[in-house]
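Student: Quick one, fold the following:
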Amino acid sequence: MLTDLFTIESVTEENPCAFLAKASVDANHPVFQGHFPGIPVLPGVCSLYLIRTCAERFLGCCMRYNTVDFCKFTAMIDPLRNEQITVKGNIKQDEEEIQIKAMMLYGNRTVLKLQATMREITL
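Tutor: The predicted model follows:
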C-alpha cells in the first residue's frame, strides 16, 4: 500500500549515532484518494513509516516499532505544497533494542517529533 508513496533522496550520517534524510512525497499516490478527497493530508502512520524506513537505511537492517513513548504531530503535510521532507534521527542501540529520537520537517516547518524503541527483525 505504501509502495512509491515516498522517494527517499538521501540518508546521510551526521555522526555514528545520527542521520539526516531527505525525501519527497508523491501527491498522486492512491492513499490521498481516501485521506482526504479534495483536501489531501499525509496520514500520521505514513510519517512513522518514513522515519522507520530512513532509520533502516541508516542502520542497514529491517526493524519494527516496539514502543512509541512520545509522538507529537505539530502540523499537517499537504502533498500539494510539494515541499521537501527532512528527517533528523538520533539512534542509541543496545543488545535488545534501538532507541530513536526523530524530528520530521516539511519545508521549514516541524511536523512531527518522535521518541520510540525499535527491534531488528529478519524477513
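Student: Number of residues surrounding the spatially closest residue to residue 83 that is not a sequence neighbour?
Tutor: Setting aside the residues directly before and after it, residue 83 is nearest to residue 107 in space (CB to CB, 6 or more residues apart in numbering), at 3.6 Å. Glycine gets a C-beta too; all of them are placed from N, C-alpha and C. By other CB atoms under 10 Å, the residues close to residue 107 number 13.
Student: Verify the contact between residue 107 and residue 78 for me.
Tutor: No: Residue 107 is not in contact with residue 78 according to CB atoms under 8 Å; the separation is 10.1 Å.
Student: Contacts for the longest helix that the chain contains, please.
Tutor: Taking residue count as the measure and DSSP state H as the definition, the longest helix of the chain comes out as helix 44-59. Here helix 44-59 makes contact (CB atoms under 8 Å, 6 or more residues apart in numbering) with 2, 5-6, 8, 11, 13, 19, 21, 23, 31, 62-65, 68, 71, 73, 77, 85, 87, 89, 91, 93, 98, 100, 102, 104, 111-112, 114, 118.
Student: Select from those every entry located in helices.
Tutor: Residues of these located in helices (DSSP H): residue 31.
Student: Which of the contacts of helix 44-59 are buried, as a PyMOL select command?
Tutor: Restricted to the buried members of those, where burial is judged by 16 or more other CB atoms under 10 Å, the PyMOL selection command reads as follows:
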select buried, resi 5+6+11+19+21+23+31+63+77+85+87+89+91+98+100+102+104+111+112+114+118
